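Trainee: Give me the fold of what follows.
(chains A and B)
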Amino acid sequence: SQTIHQWPATLVQPVGSPLSLECTVEGTSNPNLYWYRQAAGRGLQLLFYSVGIGQISSEVPQNLSASRPQDRQFILSSKKLLLSDSGFYLCAWTVNGGYTFGSGTRLTVV
Amino acid sequence: AQSVTQPDIHITVSEGASLELRCNYSYGATPYLFWYVQSPGQGLQLLLKYFSGDTLVQGIKGFEAEFKRSQSSFNLRKPSVHWSDAAEYFCAVNVNAGKSTFGDGTTLTVKP
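Mentor: Residues are numbered from 1 along each chain as shown, chains lettered A, B, ... in the order given. Next comes the predicted model:
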């Protein structure tokens, strides 16, 4: 069966520190992968999506970046976190058009 | 650009009562439409989806939704709400390269 793993579940980082969030998918090949951010009390904002290895599309200009070093691995990074980067980060992949989401990472920048 | 509006930020219903959550979308053609549910601190789970065909779609957990082209709506319904249905519900539209645009969500509270 297809599963998606996302870690860590929670993260507290100081302003200016680097960030690396990882997402891996099992049970499928060449999935479309997505990173979304959810601010408190709001909907989801698409940050990045990828249709294949090394192919990244950015939806929102910011100090975050994404990489896809392997077919089923999607990484969200930052060199220097800002307070405004706090939020709930969700990785997802498509199954017949609908998303399967990871369990999310709660990032608090202090 | 496509957009999704969920007019109700918060809805409270009594357990056993019926439920309808509203969703309106803006798009020039018929999009792919979805409803997701999110429990606190968790990821989202797909409840149901509409691509084409029968405008009344059935989903998991006893939910259904009806696509109405004339009203650009895709409302979610459940005949009898259970306490475990308390969560946040998101409507989404998918129009390009698998990317989805989400509404801001509706929080459902269930009274005993």
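
Trainee: Nearest the geometric middle of the chain, what residue?
Mentor: Since no chain was named, I'll use chain A. In chain A, the residue lying closest to the centroid (Cα atoms, centre = their mean) is residue A:35, at 3.5 Å.

Trainee: my question was about chain B
Mentor: For chain B, the residue nearest the mean C-alpha position is residue B:35 (3.7 Å; Cα atoms, centre = their mean).

Trainee: near chain B, anything from stretch A:72-83?
Mentor: No: applying Cβ under 8 Å from any Cβ of the partner chain, one finds stretch A:72-83 separated from chain B by no less than 13.7 Å. For glycine as for every other residue, the C-beta is placed from the backbone atoms N, C-alpha and C.

Trainee: hmm, who's touching that stretch?
Mentor: A:13-26, A:28-29, A:31, A:33, A:35, A:47-48, A:50, A:63-69, A:85, A:89, A:91, A:109 (Cβ atoms under 8 Å, 6 or more residues apart in numbering or on different chains).

Trainee: Number of residues surrounding the residue of chain A at minimum distance from chain B?
Mentor: Closest to chain B within chain A is residue A:101: 3.6 Å, counting by Cβ to the nearest Cβ. By other Cβ atoms under 10 Å in any protein chain shown, the residues close to residue A:101 number 22.

Trainee: likewise residue B:91?
Mentor: For residue B:91, using other Cβ under 10 Å, the count is 30.

Trainee: correct me, but the residue nearest to the centre of chain A touches residue A:93?
Mentor: No: if you go by Cβ atoms under 8 Å, residue A:35 and residue A:93 don't touch, sitting 10.8 Å apart.

Trainee: mind listing what residue B:112 touches?
Mentor: Per Cβ under 8 Å, 6+ apart, neighbours of residue B:112: B:14-15, B:83.

Trainee: Show me which residues of chain B sit near chain A.
Mentor: Selection of chain B residues close to chain A by Cβ under 8 Å from any Cβ yields B:4, B:32, B:34, B:36, B:41-46, B:49, B:51, B:90, B:92, B:94, B:97-105.

Trainee: which of the residues you listed are buried?
Mentor: B:4, B:32, B:34, B:36, B:42-46, B:49, B:90, B:92, B:94, B:98-105 (16 or more other Cβ atoms under 10 Å in any protein chain shown).

Trainee: Give the phi and psi angles for residue B:62, as a check.
Mentor: Here is the backbone geometry of residue B:62 (degrees, to the nearest 10): phi 80, psi 10.

Trainee: Tell me, how many residues neighbour it?
Mentor: For residue B:62, using other Cβ under 10 Å, the count is 14.

Trainee: Go ahead and confirm it touches residue B:81.
Mentor: No: the criterion here is Cβ under 8 Å, and residue B:62 misses it with residue B:81 at 9.2 Å.
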